[in-house]
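Engineer: Predicted model and sequence below, questions to follow.
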Amino acid sequence: MLKRGTVCRVIKDLTGFFHVGDIVVVLENYVEVPHCCLIEDYNPNYSLYDYTVDKYNPMIENYELEELYDWSEK
């Protein structure tokens, strides 16, 4: 399960919200469905509810994302 703050590369997006290769950050993870935003829109002080709906999208963790690193470790 990807936790909040995990940085990932998009390897597929069935909804077309993100593009393959985009770098995203997990905002929240509900029932193993990570809600992500682009890394340039990420603010570690914000919760999911601080973002407008055009800034984040739910993803399928193991199918659409490649885990890169944990933001909090940088």
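Structural biologist: Alright, I've got the coordinates. Just so it is clear, the model here is predicted, and its values are computed rather than measured.

Engineer: Export the worst-scoring helix or strand of the chain on mean pLDDT to CSV, keeping only CA atoms.
Structural biologist: Ranked by mean pLDDT, DSSP states H and E, the weakest helix or strand in the chain is helix 61-64, scoring a mean of 78. Provided in CSV are the C-alpha atoms of helix 61-64 (Å, rounded to 0.1, in the frame of the first residue of the first chain):
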residue,chain,number,x,y,z
GLU,A,61,-1.7,1.3,-7.2
ASN,A,62,0.1,-1.8,-8.6
TYR,A,63,-1.2,-1.4,-12.1
GLU,A,64,-0.8,2.3,-12.9
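
Engineer: residues contacting the residue most central in space within the chain?
Structural biologist: What sits nearest the mean C-alpha location of the chain, by C-alpha atoms, centre = their mean, is C36, with 2.4 Å. Each residue near C36 by C-beta atoms under 8 Å, 6 or more residues apart in numbering is listed here: 8, 18, 24-27, 56-59, 65. Bear in mind the C-beta positions are built from the backbone N, C-alpha and C, glycine included.

Engineer: Show me the shaky parts of the protein.
Structural biologist: Under the criterion pLDDT under 70, the flagged ranges of the chain are 61, 74.
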